[in-house]
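Novice: Quick one: sequence plus predicted model below, questions after.
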Amino acid sequence: MAKVKEICEEKLKGIIEELGYELVEVSYEKENGGMSLIFTIDKEEGVTIDDCEIVNKKIDPIMDELNPTDDKPYTLVVSSPGLDRPLKTDRDLSRSIGKEVDLNLYVKLDGKKAFSGILKAYDEKSVTLQTEKEDLTFDREKVASIKLVIKF
């Protein structure tokens, strides 16, 4: 399964970026009794159904040629990551500097796993939140998830 994801990412990332989108993730998983090959795309102003359709039409014929599943049937899905998706990449974090986030750790720190604050900074090893009391810096390897706080 990892091979399918790797082939798709390697061969289609550049094509998707040329269309003006970021390829956030490719997953190949069992859904509704069959296999789905899911391309999650994003762009700064958000992704619409039309964006998903544009990318789907562009990559569908390429997928037929690539045949990453060795003729095993699958459903091709292009979707947006959604408003409440975890911030995973440096690009996600960069876009979210100055925004309010919820950060969850794998293991408790000072009796807590969940922290909220303004995303102040990040680098390859750490993430810093500005809380009401102080700035807190976390090792990225200990961070389970970071999500934007969505206010309606």
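Specialist: That came through, no problem.
Novice: distance of the most centrally placed residue in the chain from residue 86?
Specialist: Nearest to the mean C-alpha position of the chain, counting by CA atoms, centre = their mean, stands residue 24 at 4.3 Å. Separation of residue 24 from residue 86 (CB to CB, to the nearest Å) stands at 10 Å. C-beta here means a position set from N, CA and C on the backbone, and glycine is covered the same way.
Novice: just checking, next helix/strand downstream of the lowest-mean-pLDDT helix or strand in the chain?
Specialist: Within the chain, no helix or strand scores below helix 90-95, which has a mean of 88 by mean pLDDT, DSSP states H and E. The helix or strand immediately downstream of helix 90-95 is strand 100-109, counting by DSSP states H and E.
Novice: for whichever helix or strand comes after that next one, what is the average pLDDT?
Specialist: On the C-terminal side of strand 100-109, the nearest following helix or strand under DSSP H and E is strand 112-122. Taken as a whole, strand 112-122 has a mean pLDDT of 96.
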